[in-house]
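Student: output the structure for:
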Amino acid sequence: MDWFSIMKKGNREVIVVGDRVLIVPDMGEDRSNVGLYLPKWAVEKETVQGGRVVDIGPGGSMPSPRDIEDEPWKPKQNDRIFPMQAKIGDYAIFLRNAAIEVKFEGDTYLLVPQAALLLLIRENK
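Tutor: Residues are numbered from 1 along each chain as shown. As a prediction, the model looks like this:
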């Protein structure tokens, strides 16, 4: 099982970790690529934004129930991962102020925690 996802560009790789999503953002339009209209207040204040998911992390780790009940000095085993809801290719609406801008090989991406995702649009195949 892969514990991380890899996006390759040239001879370099981006590895998204944890419960984060890498997104190619839409650039300042009030209508998204998939036809959603974002309200003017949201676009003007840049509180929400949309974009295409290009890579995802493995998800967040969850403590094992035995870790919670055991003595605190024992080593902990985070052997369970909370899965991601987003999938590569989804269109995401997210809270802009939670995003971190990342430039890689001349392109701009946004790194967004899963908790900041508001809506995912997925095409059924």
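Student: for burial, what's the neighbour tally of the closest residue to Asn97 other than its chain neighbours?
Tutor: Distance criterion Cβ to Cβ, 6 or more residues apart in numbering; nearest residue to Asn97, sequence neighbours excluded, is Thr47 at 7.0 Å. (Glycine included, C-beta is placed from N, CA and C.) By the other Cβ atoms under 10 Å criterion, the neighbourhood of Thr47 contains 13 residues.
Student: and the one 5 residues further on, by the same measure?
Tutor: Residues near Arg52, counting by other Cβ under 10 Å, number 18.
Student: next up, the contacts around it.
Tutor: Residues touching Arg52, when contacts are defined by Cβ atoms under 8 Å, 6 or more residues apart in numbering, comprise Ile23, Val24, Asn33, Gly89, Asp90, Tyr91, Ala92.
Student: quick one on the thing from earlier: help me confirm that the residue nearest to Asn97 comes into contact with Arg96.
Tutor: Yes. If you go by Cβ atoms under 8 Å, Thr47 and Arg96 touch, sitting 6.0 Å apart.
Student: find residues that contact each of those two.
Tutor: Shared contacts of Thr47 and Arg96 (Cβ under 8 Å, 6+ apart): none.
Student: okay, the contacts of Arg52 in CSV with distance to Asn11 and pLDDT next?
Tutor: CSV is the format used below for those (distance: Cβ to Cβ, whole Å; pLDDT from 0 to 100):
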residue, distance to Asn11, pLDDT
Ile23, 23, 95
Val24, 21, 93
Asn33, 30, 56
Gly89, 24, 93
Asp90, 28, 95
Tyr91, 29, 95
Ala92, 28, 95
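Student: can I get the buried part of the residues you listed as one PyMOL selection?
Tutor: A single PyMOL command selects the buried members of these (16 or more other Cβ atoms under 10 Å):
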select buried, resi 23+90+91+92
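Student: show me which of the contacts of Arg52 is closest to Arg80.
Tutor: Distance to Arg80, by Cβ to Cβ, is smallest for Asp90 among those, at 23.6 Å.
Student: now for the closest one: which residues touch it?
Tutor: When contacts are counted by Cβ under 8 Å, 6+ apart, Asp90 is found next to Arg52, Val53, Leu120, Ile121, Arg122.
Student: with Phe94 instead?
Tutor: With Cβ under 8 Å, 6+ apart, Phe94 has these contacts: Val21, Ile23, Val48, Gln49, Gly50, Gly51, Leu110, Val112, Ala116, Leu117, Leu118.
Student: I am finished for the moment; much appreciated.
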